[in-house]
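Peer 1: Just need the structure, nothing else, for what follows:
(one chain, ligands or ions: 1)
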Amino acid sequence: MNAEPAHRRPAADPTVQGGTRVRVIVDYDICDSNGLCAEVAPEIFELDEEDRLRILDERPGPERWGTAEAAARACPKLAIALEAG
Ligand code: SF4
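Peer 2: Numbers count the residues shown, from 1 in each chain. Coordinates of the predicted model:
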């Protein structure tokens, strides 16, 4: 049984879900702005001048899904989720 809330689950592969659109979601309540996701996927995430995380591409195209997945896996806080649709 998986009792973890949705935002704590590793990002699901949207291709497995059969979706054609993906939305990147960050739980800012648990993000600590360490910037690891921005290092892995600078085309999707960046830290602003005040070290706040910004999503640059909230609905990346399929060519960026792999990078978005890698960024989600790199997040030590499990703050990134990818939703199909
Ligand atoms: S890797 Fe996770 S904790 Fe770090 S800035 Fe990105 S979303 Fe926030």
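Peer 1: near the ligand, which residues of the chain?
Peer 2: When proximity is defined by Cβ under 6 Å from any ligand atom, the chain lies next to the ligand at 26, 31-37, 53, 75, 77, 79-80. The C-beta positions use only the backbone N, C-alpha and C, and glycine is treated the same way.
Peer 1: Recalculate using a threshold of 5 Å.
Peer 2: 31, 32, 34, 36, 37, 53, 75, 77, 79 (Cβ under 5 Å from any ligand atom).
Peer 1: could those residues be laid out in CSV, adding secondary structure?
Peer 2: What follows is the residues of the chain next to the ligand, written out as CSV (DSSP: H, G, I helix; E, B strand; the rest coil):
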residue, secondary structure
31, coil
32, coil
34, coil
36, helix
37, helix
53, strand
75, coil
77, coil
79, coil
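Peer 1: What subset of the residues you listed is buried?
Peer 2: 31, 34, 36, 37, 53, 75, 77, 79 (16 or more other Cβ atoms under 10 Å).
Peer 1: wait, which of those residues is closest to residue 63?
Peer 2: The shortest separation between residue 63 and any of these is 17.7 Å, and it belongs to residue 37 (by Cβ to Cβ).
Peer 1: Provide a list of residues in contact with the nearest residue to that closest one once chain neighbours are set aside.
Peer 2: The shortest distance from residue 37 to any non-neighbouring residue, by Cβ to Cβ, 6 or more residues apart in numbering, is to residue 71 (4.1 Å). The neighbours of residue 71, taking Cβ atoms under 8 Å, 6 or more residues apart in numbering as the test, are 36, 37, 40, 41, 44, 45, 80.
Peer 1: Let me know the secondary structure of residue 71.
Peer 2: Applying three-state DSSP to residue 71 yields a three-state assignment of helix.
Peer 1: let's have the chain start at 161 instead
Peer 2: Understood, numbering begins at 161; the last thing we discussed is residue 231.
Peer 1: Model confidence for it, exactly?
Peer 2: Reading off the confidence values, residue 231 has pLDDT 98.
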